[in-house]
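K.L.:
Provide a 3D model corresponding to the input given below.
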Amino acid sequence: MTDGLSIDTSVPHPARRYDYWLGGKDNFAADRESGDAVIAAFPTIKLWAVENRKFLRRAVTYLAREAGIRQFLDIGTGIPTANNTHEVAQSLTPDARIVYVDNDPIVLVHARALLTSTDAGATAYLQADFRDPETILSQAREILDFSQPIGLMLIALLHFMKDSDQPYEHVRTLVDALPPGSFLAVTHAVDDYLPKQQAEGLTDVGRVPFEMRSRAEVARYFEGLELVPPGLVSISEWRAEDETGPRPSAADIAADGAVAHKP
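P.N.:
Residues are numbered from 1 along each chain as shown. Purely as a prediction, here's the structure:
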């Protein structure tokens, strides 16, 4: 038990496995074993983890600097690392308000210690599950002003949802609750770039449910919204003009991302 919350270290969790790939220390043997199993099936997964964080930084920068977003709802936030949503947003707009949501108790422990806000802004953490969007919305309304635009961040989350988890319906519930002028940001593993056998081999590897989808299937999450240029592309390519060094290939990353506006 930690801080009144039960943490099962025998079962791998996506947040702790992601921390392992990023070189963090907040993971357990089950997470490392799961992470190594994925590395065996997809050797560039650590590069994907780095590129996914870079996409988050660029997306939040766009939303805060260019789109004028001052509120963020980040679901599936994971264990805090560098360039978290609130750090990027509040470095540009100190009064930004951020609500983080994750279902792993260990994330709550670290969030309380590390997710400190600017004096002008606010940062809060909710322990909740994406599969219960009404609870997320109910609690988030206590912190965010739903009469003003919100940036909904679903970064590297939806590919952990099987179709039976109703991810499209839950995303629609969340987006429908947002006021006009809000934005949705998504990154998702896609199988378009991989040989069929390799893509199929990644399903449920490492004892963590996982669902690669096609770019067309990922695009369904943005129905009724207006994609921000360059649209739905490899996360390594989305507004990456200022990134130093050569860009990884789409096949190395096998994940697409986009940001879209709710008119």
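K.L.:
can we go C-alpha only for contacts and neighbour counts from here?
P.N.:
Will do.
K.L.:
For the stretch 1-150 of the chain, which residues score under the pLDDT cut-off?
P.N.:
Along the stretch 1-150 of the chain, the parts satisfying pLDDT under 70 run over 1-6, 80, 82, 112-118.
K.L.:
if we go to 50?
P.N.:
Low-confidence segments of the stretch 1-150 of the chain, defined by pLDDT under 50: 1-4.
K.L.:
And the helices in it?
P.N.:
Listed in chain order, the helices of the stretch 1-150 of the chain (DSSP state H, counting those that start in this stretch) span 14-21, 29-41, 45-61, 85-92, 105-114, 133-140.
K.L.:
Please identify which of those helices is closest to Ala219.
P.N.:
helix 45-61 (17.1 Å; CA to CA).
K.L.:
Now render the helices of the stretch 1-150 of the chain as JSON lines, adding mean neighbour count.
P.N.:
Converted to JSON lines, these look like this (neighbours: other CA atoms under 10 Å):
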{"stretch": "helix 14-21", "mean neighbour count": "23"}
{"stretch": "helix 29-41", "mean neighbour count": "19"}
{"stretch": "helix 45-61", "mean neighbour count": "21"}
{"stretch": "helix 85-92", "mean neighbour count": "22"}
{"stretch": "helix 105-114", "mean neighbour count": "17"}
{"stretch": "helix 133-140", "mean neighbour count": "16"}
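K.L.:
can you list those helices in TSV and add distance to Leu225?
P.N.:
Formatted as TSV, the helices of the stretch 1-150 of the chain follow (distance: least, CA to CA, whole Å):
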stretch	distance to Leu225
helix 14-21	28
helix 29-41	33
helix 45-61	16
helix 85-92	22
helix 105-114	31
helix 133-140	19
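K.L.:
I'd like to know which of those helices lies nearest to Val99.
P.N.:
Nearest of the helices of the stretch 1-150 of the chain to Val99, taken as CA to CA: helix 133-140 at 6.8 Å.
K.L.:
List of residues touching the closest one?
P.N.:
Leu73, Val99, Val101, Leu126, Ala128, Asp129, Phe130, His170, Thr173, Leu174, Ala177 (CA atoms under 8 Å, 6 or more residues apart in numbering).
K.L.:
so of these, which ones are in strands?
P.N.:
Leu73, Val99, Val101, Leu126 (DSSP state E).
K.L.:
From the contacts of helix 133-140, list just the buried residues.
P.N.:
For these, a burial check counting by 16 or more other CA atoms under 10 Å picks out Leu73, Val99, Val101, Leu126, Ala128, Phe130, His170, Leu174.
K.L.:
ok now stretch 145-159, how far from the chain's centre?
P.N.:
In terms of CA atoms, centre = their mean, to the nearest Å, the centre of stretch 145-159 is set 9 Å apart from its chain centre.
K.L.:
Could you do stretch 89-107 as well?
P.N.:
For stretch 89-107, the distance to the chain centre is 12 Å (CA atoms, centre = their mean).
K.L.:
if I look at the spatially most central residue of the chain, how far off is Val190?
P.N.:
Residue closest to the average C-alpha location in the chain (CA atoms, centre = their mean): Ile155, at 1.8 Å. For Ile155, the distance to Val190 (CA to CA, to the nearest Å) stands at 13 Å.
K.L.:
picking up where we left off before, which of the helices of the stretch 1-150 of the chain sits closest to Gly181?
P.N.:
So among these, helix 45-61 is nearest, using CA to CA, at 15.1 Å.
K.L.:
Point out the other helices and strands that the closest one packs with.
P.N.:
With contacts defined as 3 or more CA pairs under 8 Å, 6 or more residues apart in numbering; DSSP states H and E, helix 45-61 has these neighbours: helix 14-21, helix 29-41, helix 85-92, helix 250-253, strand 255-261.
K.L.:
7 Å - rerun?
P.N.:
helix 14-21, helix 85-92 (3 or more CA pairs under 7 Å, 6 or more residues apart in numbering; DSSP states H and E).
K.L.:
how many other residues sit next to Asp132?
P.N.:
11 (other CA atoms under 10 Å).
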